[in-house]
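Student: heads up, no residue letters with this:
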């Protein structure tokens, strides 16, 4: 018996505080189940961390010591995805 794929959408963000809420709302409106959106904040300084952490139905991870670029944020998200299909 094959398993149903578990999809995780990784959203890297750096200083995207004004837009992160709308972006995640659009993903959730597309029918993604709660917990399948993972926001990885790459050391934002504009309030993106607070905005991302306050969005319900998503996982949130903050990377400090950066910014290190979207590739590191995506790679960290993939490492946290726990055998999901990324």
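Tutor: Noted; the coordinates are in hand. Small disclaimer: the values here were computed from a predicted structure and weren't measured.
Student: what residues does the one helix or strand residue 49 maps to touch?
Tutor: Per DSSP states H and E, residue 49 falls inside helix 48-53. Outside helix 48-53, the residues that touch it by CB atoms under 8 Å, 6 or more residues apart in numbering are 13-17, 20-21, 24, 39, 41, 58, 60, 62. The C-beta positions use only the backbone N, C-alpha and C, and glycine is treated the same way.
Student: which of the residues in the least confident helix or strand in the chain by mean pLDDT are buried?
Tutor: Using mean pLDDT, DSSP states H and E, the weakest-scoring helix or strand in the chain turns out to be helix 48-53, at a mean of 82. The neighbour-count criterion (16 or more other CB atoms under 10 Å) identifies 48, 49, 51, 52 as the buried residues of helix 48-53.
Student: that older thread, past the helix holding residue 49, which element shows up next along the chain?
Tutor: Immediately after helix 48-53, counting by DSSP H and E, sits strand 59-63.
Student: Now do stretch 54-61: distance from first to last residue.
Tutor: End-to-end span of stretch 54-61 (CA to CA, to the nearest Å): 12 Å.
Student: got the contact list for that stretch?
Tutor: For stretch 54-61, the external contacting residues (CB under 8 Å, 6+ apart) are 20-21, 24-25, 28, 34-35, 37-41, 52-53, 76-77, 80.
Student: Return the subset of the residues you listed lying in helices.
Tutor: 20, 21, 24, 25, 28, 52, 53, 76, 77, 80 (DSSP state H).
Student: any chance of the residues you listed in JSON lines, with distance to residue 6 too?
Tutor: Putting these into JSON lines (distance: CB to CB, whole Å) gives the following:
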{"residue": "20", "distance to residue 6": "23"}
{"residue": "21", "distance to residue 6": "24"}
{"residue": "24", "distance to residue 6": "18"}
{"residue": "25", "distance to residue 6": "21"}
{"residue": "28", "distance to residue 6": "16"}
{"residue": "52", "distance to residue 6": "21"}
{"residue": "53", "distance to residue 6": "23"}
{"residue": "76", "distance to residue 6": "18"}
{"residue": "77", "distance to residue 6": "14"}
{"residue": "80", "distance to residue 6": "13"}
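Student: Now, of these, which are buried?
Tutor: Buried members of the ones in helices among the contacts of stretch 54-61, scored by 16+ other CB under 10 Å, are 20, 24, 28, 52, 76, 77.
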